[in-house]
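S.K.: When you get a sec, could you give me coordinates for this:
(chains A and B)
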Amino acid sequence: MSKRRIIGCLLGCGLLLLLLCVALLSLGEIRLGFGATLRSMFGRSTDQLTNLVIWDIRMPYLGAALITGSCLAVSGLILQILTGNPLVDSSILGVNAGASLGAVILIGLASRFKGLNIDQWLPLAALIGAVLSFIVVSAISRNGAKMKILLGGVALTALLNGIILMIELSLNKFDFDKILVWLSGSFWNTDRKFLLIYGVLTLMLLLVTVTVHSELATFVLGEPMAQSIGVNVKFMRYLLMSLAVALAAVAVSVGGAISIVGLMAPRIAKRLVGSQMRVLLPASCVIGCIIMVLATLVANNLFLPSVLPVGLVTGVITMPYFLYLLFKTN
Amino acid sequence: MKIARLARLNLLLVILLIVVFILNLAGGVHWYAPSLLWQSQHTLAQQIMWSIRLPRALAAALVGALLALSGQLMQTLSKNPIADPSILGVNAGAMLALMLGSVAGITLSVINTIWLSIVGATLAFVVVLMLAMTRQGLDPLRFILGGTVFSGFVSCLAYAVSLLTNTTMQFRNLLVGGFSDTTFKQVIFLVVGLFVVTLMITFNRKSLTLMVFDDATARSLGARPGLTRAIGALVIVISAGCSVAVAGNIGFVGLGIPAIIHYLHPDSLERNILPNLLLGAVFMLLIDFVAKTLVAPTELPLAALSAICGGAFLLIVIAREGQVLTDE
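M.R.: Okay, the predicted model is just below:
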């Protein structure tokens, strides 16, 4: 890959993301001009209605899309490198379903015990669920073939989704919108403070990932090679795994069990900019954001006035891509 | 000796079936004695037994048998122990077809639901088969993985359709599985479905059994692989379609039941059909009984219960003998 091409691709992706962000902010039941949107974004607008629509209604969706997109993409990238399997991400491995189950159990408990604060404990519950499911999948598919890991994840997802469905339906019998959050993903809480906390968490996790990106790159060559270069493989492996699982847990806390975005983003990024880690990492992050913002745009606008859960749209976009990949390999 | 063992297994399963059937009839929000069915006084309890409990128990038994049968055939035809109409998207296809049909304005009478879901099941099955075909024949791993993801994709579409048309209430049974509104008419159709399917299998049992071999061997033994496969596929989509039309998307019965039967009595497809049907019925009656009594009066989603059983089962299979799978 020539340097010029890489820079061009990065710039192009960045521009596309910006464009989509502005589109997301300006389109909807109330249509705003691009100019008005931009003015309001930079705080130059005095129109009350525009400001209200952009800052209070649409900005939370944008924030949630950016958080989930970047978390899922980076988590997927790390998992693909660690497992040496390009068909893996947190949703395929069942980590997303685990995090969802954690969240659902917390919500179930909170309906029993009134003192329990969901917002406060949600990240922890999701994290515990994600870690447990990751451990189960790794144990099952220890030194197994690549396809076996996929199958283990699929089986675990089915099992966990069954439990989720059961708990959710016993909590509220007919509210499928809520159930879908934890089965296929939806931005369920667009409270600004809630999103701000997760935004900060995301930034912190991404920052840690950036500081270890050169070590991550050595894992591409295989662990023996990484060790011979002088990387503390054992420690670094645990750190990277925890990062991937934590990122997935954050994504699930915000957007539910969104599928396969984490698989798709790093793959596309790799095709565009090559496998140099210091460009691949930001590129996958940006492409993850692009996919999520695009999906949000479609979910919020395609069937006006009704709004679809974003997870259904990402599912419809990403699953054919997974099938295409599956049938192209071997 | 072998026959005697099979007969013993069948006898045991029939007894078990009767026990679970009575249990299923008796259990529910209130417990009633099954003897109410033939006692002459006309009470509300008797009415409930006749118009709600009995069709429900019958439907559960029939659907269980049909699902187990289609799973068994799928596993034989794909030469792979992990196959099942729900894993491979056939159930989801039937579900989506039902929803689209109702959105398009077709009234969901019993007949309409049956043909709609059979059409949907067929389409989905064809897509998954096409995805899994390679130049060397059917690739089992592609079959499973592709099928699962395709199934997820179709379910996403189904949920989207029902959310957009505000019909999640109407389709609740379809989406989460259950027998709560079963009528005698549906039972009759299930009986017809099972009858047709059994006939098809009985007439082709020799060639279906030969499908465990590769095509060349099967052909030399007198089977016609192409035709047999087509008949098998037809049986699969009819069974899966009928079950979805009545009970919604219930998964994994077709996966676990044939595997258990194979474990108890490893034998040819032909001989294992009957115990398989029986155990499928027993399992479904039992699960349905749990679903309606465990946290009564709330009814647990049947799809979730069977997914939990099936997912756990699948995990154990993968952990123990996954290498067999990947070597193929």
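S.K.: all strands for the stretch 151-300 of chain B, in order.
M.R.: Counting by DSSP state E, counting those that start in this stretch, the stretch 151-300 of chain B has no strands at all.
S.K.: Where do the helices of it begin and end?
M.R.: Taking DSSP state H, counting those that start in this stretch as the criterion, the stretch 151-300 of chain B carries its helices at B:172-176, B:184-203, B:205-209, B:215-220, B:225-247, B:253-264, B:269-293.
S.K.: Which residues are in contact with residue B:10?
M.R.: Listed by C-beta atoms under 8 Å, 6 or more residues apart in numbering or on different chains, the contact partners of residue B:10 are B:274, B:275, B:278. Every C-beta, even on glycine, is put in place using the N, C-alpha and C of the backbone.
S.K.: secondary structure element for the residue lying closest to the first one once chain neighbours are set aside?
M.R.: Once its chain neighbours are removed from consideration, residue B:274 has its nearest residue in residue B:10; the separation is 5.8 Å (C-beta to C-beta, 6 or more residues apart in numbering or on different chains). Mapping residue B:10 onto the secondary structure by DSSP states H and E places it in helix B:2-26.
S.K.: right, and the helix or strand after that helix?
M.R.: Next along from helix B:2-26, by DSSP H and E: helix B:44-48.
S.K.: can you pull the buried residues of the next helix or strand after that following helix?
M.R.: For helix B:44-48, the succeeding helix or strand toward the C-terminus, using DSSP H and E, is helix B:54-78. By neighbour count with 16 or more other C-beta atoms under 10 Å in any protein chain shown, helix B:54-78 contains the buried residues B:54-78.
S.K.: Ok, stretch A:207-219 next?
M.R.: Buried residues in stretch A:207-219 (16+ other C-beta under 10 Å): A:208, A:209, A:210, A:212, A:215, A:216, A:217, A:218, A:219.
S.K.: quick one on the thing from earlier: and the angle from the helix holding residue B:10 to helix B:269-293?
M.R.: Here helix B:2-26 points in a direction 20 degrees away from that of helix B:269-293 (axes from the mean of the first three to the mean of the last three C-alpha atoms, to 10 degrees).
S.K.: coming back round to it: including mean neighbour count and mean pLDDT, could the helices of the stretch 151-300 of chain B go into CSV?
M.R.: Compiled in CSV, the helices of the stretch 151-300 of chain B are given as follows (neighbours: other C-beta atoms under 10 Å in any protein chain shown; pLDDT from 0 to 100):
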stretch, mean neighbour count, mean pLDDT
helix B:172-176, 23, 76
helix B:184-203, 16, 89
helix B:205-209, 19, 80
helix B:215-220, 13, 76
helix B:225-247, 24, 87
helix B:253-264, 23, 82
helix B:269-293, 23, 87
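S.K.: got those as a markdown table, with distance to residue A:317 columns?
M.R.: What follows is the helices of the stretch 151-300 of chain B, written out as a markdown table (distance: least, C-beta to C-beta, whole Å):
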| stretch | distance to residue A:317 |
| --- | --- |
| helix B:172-176 | 22 |
| helix B:184-203 | 37 |
| helix B:205-209 | 40 |
| helix B:215-220 | 38 |
| helix B:225-247 | 26 |
| helix B:253-264 | 29 |
| helix B:269-293 | 34 |
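S.K.: And those helices: which comes nearest residue A:116?
M.R.: helix B:172-176 (26.6 Å; C-beta to C-beta).
S.K.: and residue B:266, how many neighbours?
M.R.: 8 (other C-beta atoms under 10 Å in any protein chain shown).
S.K.: How much space separates it from residue B:260?
M.R.: Using C-beta to C-beta, to the nearest Å, residue B:266 is found at 11 Å from residue B:260.
S.K.: Just the local confidence number for residue A:200, please.
M.R.: What the model reports for residue A:200 is a pLDDT of 93.
S.K.: So what touches the helix or strand that contains it?
M.R.: Using DSSP H and E, residue A:200 falls within helix A:192-211. Around helix A:192-211, the neighbours that count as contacts under C-beta under 8 Å, 6+ apart are A:56, A:59-60, A:63-64, A:66-67, A:70-71, A:74, A:78, A:119, A:123, A:189, A:216, A:243, A:246-247, A:250, A:253-254, A:281, A:285.
S.K.: Got a PyMOL select line for the buried ones in these?
M.R.: Provided next is the PyMOL selection string for whichever of those are buried by 16+ other C-beta under 10 Å:
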select buried, chain A and resi 59+60+63+64+66+67+70+71+74+78+123+189+216+243+246+247+250+253+254+281+285
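S.K.: For the stretch 101-250 of chain B, which residues are neighbours of chain A?
M.R.: B:131, B:139, B:141-142, B:144-146, B:148-150, B:152-153, B:156-157, B:159-160, B:162-164, B:168-169, B:172, B:175-176 (C-beta under 8 Å from any C-beta of the partner chain).
S.K.: List the contacts of the residue in chain B positioned nearest to chain A.
M.R.: Residue nearest to chain A within chain B: residue B:311 (2.7 Å; C-beta to the nearest C-beta). Contacts for residue B:311 (C-beta under 8 Å, 6+ apart) come out as A:155, A:156, A:157, A:158, A:159, A:160, A:162, B:252.
S.K.: so which strand or helix has the nearest residue to the fourth one once chain neighbours are set aside?
M.R.: Closest residue to residue A:158 apart from its sequence neighbours, by C-beta to C-beta, 6+ apart: residue B:311 at 4.0 Å. According to DSSP H and E, residue B:311 maps onto helix B:302-327.
S.K.: which parts of that helix are buried?
M.R.: Neighbour counts using 16+ other C-beta under 10 Å place B:302-315, B:317-319, B:322, B:325 of helix B:302-327 among the buried residues.
S.K.: how far out from the middle of the chain is that helix?
M.R.: Computed by C-alpha atoms, centre = their mean, to the nearest Å, the chain-centroid distance of helix B:302-327 equals 17 Å.
S.K.: quick check: angle from that helix to helix B:253-264?
M.R.: Using the same axes, to 10 degrees: helix B:302-327 against helix B:253-264 is 60 degrees.
S.K.: Leaving out the residues flanking it, which one is nearest to the residue of chain A found nearest chain B?
M.R.: Nearest to chain B, among the residues of chain A, is residue A:159, at 2.7 Å (C-beta to the nearest C-beta). Excluding the flanking residues, the one nearest residue A:159 by C-beta to C-beta, 6+ apart is residue B:311, at 2.7 Å.
S.K.: Pull stretch A:238-255 out as CSV, backbone CA atoms only.
M.R.: Coordinates of the C-alpha atoms in stretch A:238-255 are reproduced here as CSV (Å, rounded to 0.1, in the frame of the first residue of the first chain):
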residue,chain,number,x,y,z
TYR,A,238,-4.5,-11.0,29.0
LEU,A,239,-4.5,-7.2,28.7
LEU,A,240,-5.7,-7.3,25.1
MET,A,241,-8.4,-9.9,25.8
SER,A,242,-9.7,-7.8,28.7
LEU,A,243,-9.7,-4.7,26.5
ALA,A,244,-11.6,-6.5,23.8
VAL,A,245,-14.2,-7.9,26.2
ALA,A,246,-14.5,-4.6,28.1
LEU,A,247,-15.1,-2.7,24.8
ALA,A,248,-17.8,-5.2,23.9
ALA,A,249,-19.4,-4.8,27.3
VAL,A,250,-19.5,-1.0,26.9
ALA,A,251,-21.0,-1.4,23.4
VAL,A,252,-23.7,-3.8,24.7
SER,A,253,-24.5,-1.5,27.6
VAL,A,254,-25.2,1.3,25.2
GLY,A,255,-26.7,-0.4,22.2
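S.K.: ok, is it in contact with chain B or not?
M.R.: No: on the criterion C-beta under 8 Å from any C-beta, stretch A:238-255 is out of touch with chain B, staying 14.8 Å away.
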